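A.B. asks: coords below, sequence missing:
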Ligand SMILES: Nc1ncnc2c1ncn2[C@@H]1O[C@H](COP(=O)(O)OP(=O)(O)OP(=O)(O)O)[C@@H](O)[C@H]1O
Ligand SMILES: Nc1ncnc2c1ncn2[C@@H]1O[C@H](COP(=O)(O)OP(=O)(O)OP(=O)(O)O)[C@@H](O)[C@H]1O
Ligand SMILES: [Mg+2]
Ligand SMILES: [Mg+2]
């Protein structure tokens, strides 16, 4: 199961033209694979192109080069998503999401199976909608039958999972704290039970205790439902804890990919070496039982 | 040394259709010039509201119920918007938590920084203003500021936006900066850079910083003193050393224990059991009682006062009372 590939990114490149006669190669021939039920970490310094890759995978940017192939599940599972006209398409079980035609054809299915948690997720919540509506809306649009009776119960369940209680259901985003809004965005994405969750710095704005809770939740979902994650982060401790494999991005290029244990113990690329060396070492220690002082 | 800012018994509530939300309760702290105070605490405990209260940037549904805010000895609690405008930027400024929301998406970044410079430093020529803006952007670690000034916020990466917001906050050479999670989107290297920059500035200009963060590692690195907040209250305050090596409040200990550096990869991280109470319905007694495995009977009855551990170290938990039973370390 674990060796089955879900997402295959091949030589992905993306350029921006922020000003006249100026070209920024934000992503440069990046290739990596995410397997089913795997948590793949993407680390790199600020501006190295992590969010750009996430946006390309989610079809928010049209990449200037390369392929992103999404392998859909088996046929039975997919049947519900297609109408008769699309029967022929079922044969093909891989979709190049960079191809606009193919993307349009599979749009609905892709929207349901891939979810993203944005880096600036607070601004991705509609300020005029209540939290209940914000979480229920994508489920409603995708006609996902609520397992827990109603969409509202479903929303509350996922909010609880993200460490919020039901009292926020009737509130508006502006009435919540930064970290509470972030968790609403997490709940909204998880409620869709995606096959692939792209999480762009999902826990950076949360405190350690909630961070721990969310990371435990991610691991649990990975185990129970076989979710795959693209986990973008700059917190190397979190990456080391959570990820099966890690890719290191440096100035738009993927300079190293390795199982996370190996990467941190045996970094190869000089940039990875500096990264691994910069992991904060606990210079304070908790009092242990039996300590005299 | 005299206190630059002194907040006493501050309480702030929001009027909501579900009732009164007590976001900040009886908070007192003080700040000397050139000092860095880190405010740490769980999400939703009132850190941002506390900063916004001092800056008077709260929405109309908020009400300051009691307390005083002394700046150089003058109480500003009754100040109206007109008086506050004169203070903001010059006396204190704020780096907001949500960088995208505090930048205007349709104006080039450099122009936004220049605007801030213009407001605070009258009489500069246009060229000087832009030069100063460029300087500020370089200071906060934006590479090639002369080029990046022309870009729009959406063309910046998350970390660059956060640094821009910081440049804007520093434009008026404020005496106090409220930095609300200014480094969350930054990688370790840049984070260290920014923290060093804060330290430098703070020494050079005698700037005081209230540094809101949830990252205890960051707090350890930058802060002279740390205040731990829980459910709208400051439950423990002390020097950085005292908090890390000699924490007394079970909540602070819980925060220290949940750091991933203490966990096995793919194991289970420690989390403080339960959830913080909603500010709409706070329990009787100590708000932390139901999550505290060492809770005493009295915790459910009465709120603990601040117990003094040393001149600088205080904690509000009944476990420090003389009558409390002795507990094994670290819960002494
Ligand atoms: N719309 C855009 N137009 C022009 N340049 C852009 C655009 N979006 C991003 N860039 C540039 O591409 C580079 C990579 O940006 P990206 O947002 O992917 O970085 P990141 O790795 O996510 O960084 P961070 O950790 O700071 O969020 C940056 O130099 C950024 O300025
Ligand atoms: N406009 C508002 N109306 C009602 N309640 C509010 C409003 N703004 C904040 N609150 C409540 O006040 C409490 C404190 O919010 P605050 O933003 O200060 O949290 P915080 O400590 O900054 O958390 P975070 O780390 O998540 O940013 C929260 O429980 C929030 O729900
Ligand atoms: Mg990013
Ligand atoms: Mg906040």
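C.D. replies: Okay, I see it. The model shown is predicted, which means the values in this text are computed figures rather than measured ones. Ligands and ions are numbered 1, 2, ... in the order given.
A.B. asks: Which other helices and strands does the helix or strand containing residue B:117 contact?
C.D. replies: Per DSSP states H and E, residue B:117 falls inside helix B:109-120. For helix B:109-120, the packing partners by 3 or more CB pairs under 8 Å, 6 or more residues apart in numbering or on different chains; DSSP states H and E come out as helix B:126-139, helix B:145-148, helix B:158-170. Using the backbone N, CA and C atoms, a C-beta is placed for each residue, glycine as well.
A.B. asks: Pull up the per-residue confidence for residue 107.
C.D. replies: I'll assume chain A. On pLDDT, residue A:107 comes in at 88.
A.B. asks: meant chain B, my bad for not saying
C.D. replies: 93.
A.B. asks: Report the separation between it and residue B:299.
C.D. replies: From residue B:107 over to residue B:299 the distance is 52 Å, taken as CB to CB, to the nearest Å.
A.B. asks: neighbour count winner among the two?
C.D. replies: Neighbour totals were compared for residue B:107 and residue B:299, and residue B:299 leads with 23 against 13 (other CB atoms under 10 Å in any protein chain shown).
A.B. asks: Return the set of buried residues in stretch B:304-320.
C.D. replies: Across stretch B:304-320, burial judged by 16 or more other CB atoms under 10 Å in any protein chain shown covers B:304, B:306-307, B:313-320.
A.B. asks: So what would you say the end-to-end distance of that stretch is?
C.D. replies: 9 Å (CA to CA, to the nearest Å).
A.B. asks: near chain A, anything from it?
C.D. replies: No - on the criterion CB under 8 Å from any CB of the partner chain, stretch B:304-320 is out of touch with chain A, staying 14.1 Å away.
A.B. asks: where along chain A do the helices fall?
C.D. replies: A:50-57, A:75-79, A:87-91, A:100-105, A:107-113, A:131-141, A:151-161, A:178-191, A:208-225, A:236-242, A:260-265, A:270-277 (DSSP state H).
A.B. asks: mind putting these in a markdown table, distance to chain B and mean neighbour count included?
C.D. replies: Below are these laid out as a markdown table (distance: least, CB to the nearest CB, whole Å; neighbours: other CB atoms under 10 Å in any protein chain shown):
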| stretch | distance to chain B | mean neighbour count |
| --- | --- | --- |
| helix A:50-57 | 6 | 25 |
| helix A:75-79 | 27 | 11 |
| helix A:87-91 | 34 | 11 |
| helix A:100-105 | 22 | 14 |
| helix A:107-113 | 22 | 18 |
| helix A:131-141 | 13 | 19 |
| helix A:151-161 | 9 | 20 |
| helix A:178-191 | 3 | 25 |
| helix A:208-225 | 4 | 20 |
| helix A:236-242 | 4 | 23 |
| helix A:260-265 | 7 | 18 |
| helix A:270-277 | 8 | 16 |
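A.B. asks: so can I have CSV of the ones you listed showing distance to ligand 1?
C.D. replies: Putting these into CSV (distance: least, CB to the nearest ligand atom, whole Å) gives the following:
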stretch, distance to ligand 1
helix A:50-57, 3
helix A:75-79, 32
helix A:87-91, 32
helix A:100-105, 19
helix A:107-113, 21
helix A:131-141, 24
helix A:151-161, 26
helix A:178-191, 15
helix A:208-225, 17
helix A:236-242, 13
helix A:260-265, 18
helix A:270-277, 13
